[in-house]
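Enquirer: predicted coordinates and the sequence they were generated for:
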Number of protein chains: 2
Amino acid sequence: MFDNISIIGCGLIGSSILRAIKSKNLAKEIKIYDHSKEVTAYLKKENMSINIFSDIRQCVINSDLVIIATPLSSYKEIILSIKSSLKKNAILTDTGSVKIEVMKMIHNINLKDVHWIPSHPIAGTEESGPEAGQAEMFKNRWCIISPPKNSEEQPIKILKSLWEKIGSKVKIMTPEEHDKILSLTSHLPHAIAYNIVRTVMNVEDKLKQEVIQYSAGGLRDFTRIAASNPLMWRDIFLDNSENVSKGIDSFIEKLNELKKAVNDKNGDKLYQIFNSTKEVRKEIIKAGQETSKPDFGRKKD
Amino acid sequence: MFDNISIIGCGLIGSSILRAIKSKNLAKEIKIYDHSKEVTAYLKKENMSINIFSDIRQCVINSDLVIIATPLSSYKEIILSIKSSLKKNAILTDTGSVKIEVMKMIHNINLKDVHWIPSHPIAGTEESGPEAGQAEMFKNRWCIISPPKNSEEQPIKILKSLWEKIGSKVKIMTPEEHDKILSLTSHLPHAIAYNIVRTVMNVEDKLKQEVIQYSAGGLRDFTRIAASNPLMWRDIFLDNSENVSKGIDSFIEKLNELKKAVNDKNGDKLYQIFNSTKEVRKEIIKAGQETSKPDFGRKKD
C-alpha cells in the first residue's frame, strides 16, 4: 500500500501501528525514529526487519507517510526538525488526543507541499512502551481523522484506508468536534479517575494498606486509568484545558447535587440518580465498544 | 458443616452463596426465601434441590445459620418478622455494605438467644438477580466480619470458616473501621462513577450518540459500576451518609486543585498529580486483588 512509512515515536501506540502495518504487510519499508535509547534497543532486539534511525531527518526522507506517535508537547520540535526533509506530497499524520492546539501550531509553522491530516486512534491500554504494543490494538476501535479545512480528498482517503486496513472504524470530524467529544468521553473521565485514586490514597499510612487490600469494592477499576502515562496526560490537559475545565465545573455541580441528597437522606433522589445511568453501559455494548461480559470478563489471577 | 442454612434474598449475592454452599456441600438442607415471584420461579426452574418458602418465618425455623442477602432498607422488617421463629443459638448474618446503622437498629430490636454476626463479602458484579450468581463469586475475595462487642468466640469461628470454605479470605474489624474503609474503597468510587456517567450523558441528544460511540477512551470503564443495582446503592448511601459526604468534600477539594493546574496551564503540577497515582494499581495487583493483565484482560467481543 505504501513504499515507505516512517513512525516517529515507538511507544505503546507507535509500536502497535508498526506491528499492525507489518502483520498486514502494508509497506515495503518501515522506518523508525525514537529519541529513547531503551526503545530503539528493544526494537533492535526484537529483530523486526525495520530500519531504525538515530537522525530524525534521515528517518523521514522519501517516506510517503510519516506518523508522529509522541506526546503532544514534542510535536513542534519534531515538525520543525523534519519540515525540510519531508518528501513532496507526503502525508503527515499523528495519533494525538487533542486537535485544536496542534492545528494552530501547524498553521504557524506553515508546512508546504505536505498533507497534514491528523488522526486519533481511540485505543490503548494503561501500559506504556513498545513491549506493550499489539498488532490487534486498533481492531474494532474508532479512529478519528480531523483534516484541516480545504484539505485534498485523495490523501484523506489513503490515510482512512490505512486505519481501516489495520482494523479501525474511521470517522471524520472537525478539530472542534473532536476536542469537545473527547473531553467528555476520555479527558474528563481520566481527570476523575486520577482524582479519586489521589483522594482515597491521601490517608495515613496505616489506612493505605487497608485501602489497597479492600479495593475490589470499586476503587481498583479506577486505578487502571490512573496508571496511564502521566506525561501524555499532562500534555492532553494542557492542550484541551478549556473543555476539561468546563467539564470539571459540570461534574462538581452534579456532585454537589448528589452530596445534598446524601446529606438530606433523600432516598428518592438518590434512587433517581443511580437509576439514570443504568442503561448507558448497555448502549455502549450495543455500539460494539465494550465487552458484554460482566466485570469486563475479568478473571481472578 | 451445617444441618440447615436459610438464605433470605436470592439475588446476585444470595444466589452466589447458595451455589457456593451447594458446590462445597456445606449444608444438609438449604432453605430459601425471596419476596420476588420472579426470583423464586427462576430457582424452581433451575431445580437446585433446595426448599423454597413463601413464608419467611417457616423458612428460618430450625436453621443453624440464617443469611440475609437483601438491600439494607429491608433488614428491619425481615428481622422483626423472623425474630421469634429463629432457633435458639442460631447464627444470624448478612452481606450488607454498611455496618454501623444496622448495628444500631439490631441493638434496638434486642434479639435474644441469637448470635448476630454481620458479614460483608467484597464481591459482586454490575449485574443483578439470581441468573447472575456464580459459585466462584467469593474465591480469593475478602469478607469482612464485624461482630458486636462481647460476641462469643465460637459462632464467629463457625461463620469465618464458612466464608473461608467458599473461597473468601476473612478479616475481622469493627463496624466503625468497616464503614470508614469501605467508604473509601467502594462507596466514594461508586458515587464518582455514577456522577461522571451522569455528567457526561447530560448533553443534547445529538451528542449523546457520539459520547456512546467514542466511550472507549475512558468513559466505558465507569459505566460498569454505574450500572450497579440502584436500590442497593441508595441504601448504602443512606446508611453511610456521613463518611460518604466527607469523602465527597475531600474529592472536590482535590479536584479544584487539579482544575487550577489545568486553568493555570501548570504542566509541572499536572505531571506531579498524574504521576502520584501510577503505582497504586501495581500494589493492588501485588495484594492479589486485581488481574495483572492490561485493560482488565478485556477481550473485544
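Expert: Looks like it came in fine.
Enquirer: what sits against the closest residue to chain B within the stretch 1-150 of chain A?
Expert: Nearest residue of the stretch 1-150 of chain A to chain B, counting by C-beta to the nearest C-beta: A:T125, 4.0 Å away. Yep, even glycine has a C-beta here, placed from its N, CA and C like the rest. Taking C-beta atoms under 8 Å, 6 or more residues apart in numbering or on different chains as the definition of contact, the neighbours of A:T125 are A:L12, A:A132, B:P294, B:D295.
Enquirer: same deal with A:T223?
Expert: By C-beta under 8 Å, 6+ apart, the residues touching A:T223 are A:A193, A:V197, A:S215, B:T277, B:V280, B:R281, B:I284, B:E290.
Enquirer: among those residues, name the ones in helices.
Expert: A:A193, A:V197, B:V280, B:R281, B:I284 (DSSP state H).
Enquirer: need the three-state assignment for the residue of the stretch 1-150 of chain A closest to chain B.
Expert: coil (DSSP: H, G, I helix; E, B strand; the rest coil).
Enquirer: and the pLDDT at it?
Expert: Model confidence at A:T125, given as pLDDT, is 93.
Enquirer: same question for A:M48.
Expert: The per-residue confidence score, pLDDT, reads 88 for A:M48.
Enquirer: repeat that for A:D301.
Expert: At A:D301, the predicted lDDT confidence score is 62.
Enquirer: what's the nearest residue to the residue in the stretch 201-301 of chain A that chain B sits nearest to if we skip its chain neighbours?
Expert: Using C-beta to the nearest C-beta, A:G217 is the residue of the stretch 201-301 of chain A that sits closest to chain B, at 2.9 Å. If the residues on either side of it in the chain are set aside, A:G217 comes closest to B:S186, at 2.9 Å by C-beta to C-beta, 6 or more residues apart in numbering or on different chains.
Enquirer: what's the answer for A:R220, then?
Expert: The spatially closest residue to A:R220, leaving aside those adjacent along the chain, is B:E290, at 4.8 Å (C-beta to C-beta, 6+ apart).
Enquirer: ok, how many other residues are close to that neighbour?
Expert: Using other C-beta atoms under 10 Å in any protein chain shown, the number of residues around B:E290 comes to 24.
Enquirer: what sits against it?
Expert: A:S215, A:A216, A:R220, A:T223, A:D301, B:R281, B:I284.
Enquirer: return the per-residue confidence for it.
Expert: For B:E290, the predicted pLDDT is 93.
Enquirer: now it: how far from A:D221?
Expert: Distance of B:E290 to A:D221, computed by C-beta to C-beta, to the nearest Å: 9 Å.
Enquirer: what are the buried residues along stretch A:204-223?
Expert: If you call a residue buried by 16 or more other C-beta atoms under 10 Å in any protein chain shown, then stretch A:204-223 has these buried ones: A:207-208, A:210-223.
Enquirer: over to stretch A:42-52?
Expert: Of the residues in stretch A:42-52, A:Y42, A:L43, A:I50, A:I52 count as buried by neighbour count, 16+ other C-beta under 10 Å.
Enquirer: same check, this time on stretch A:112-120
Expert: Under 16+ other C-beta under 10 Å, the buried positions of stretch A:112-120 are A:V114, A:H115, A:W116, A:I117, A:P118, A:S119, A:H120.
Enquirer: for that stretch, measure first residue to last.
Expert: Taking C-alpha to C-alpha, to the nearest Å as the measure, stretch A:112-120 stretches 23 Å from start to finish.
Enquirer: report the rounded mean pLDDT for that stretch.
Expert: Average pLDDT, stretch A:112-120: 97.
Enquirer: so, low pLDDT: which residues of the stretch 151-300 of chain A?
Expert: Within the stretch 151-300 of chain A, the set of residues satisfying pLDDT under 70 comprises A:300.
Enquirer: follow-up on the earlier one: so which of the buried residues of stretch A:42-52 sit within helices?
Expert: When DSSP H is applied, the buried residues of stretch A:42-52 are split such that A:Y42, A:L43 fall in helices.
Enquirer: in JSON lines: the buried residues of stretch A:42-52, plus distance to chain B.
Expert: Formatted as JSON lines, those follow (distance: C-beta to the nearest C-beta, whole Å):
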{"residue": "A:Y42", "distance to chain B": "17"}
{"residue": "A:L43", "distance to chain B": "20"}
{"residue": "A:I50", "distance to chain B": "24"}
{"residue": "A:I52", "distance to chain B": "25"}
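Enquirer: in terms of model confidence, name the weakest of the buried residues of stretch A:42-52.
Expert: By predicted confidence (pLDDT), the lowest-ranked of those is A:I50, with 93.
Enquirer: nearest to chain B: which residue in the stretch 51-200 of chain A?
Expert: Here the residue of the stretch 51-200 of chain A nearest chain B is A:S186; by C-beta to the nearest C-beta that distance is 2.9 Å.
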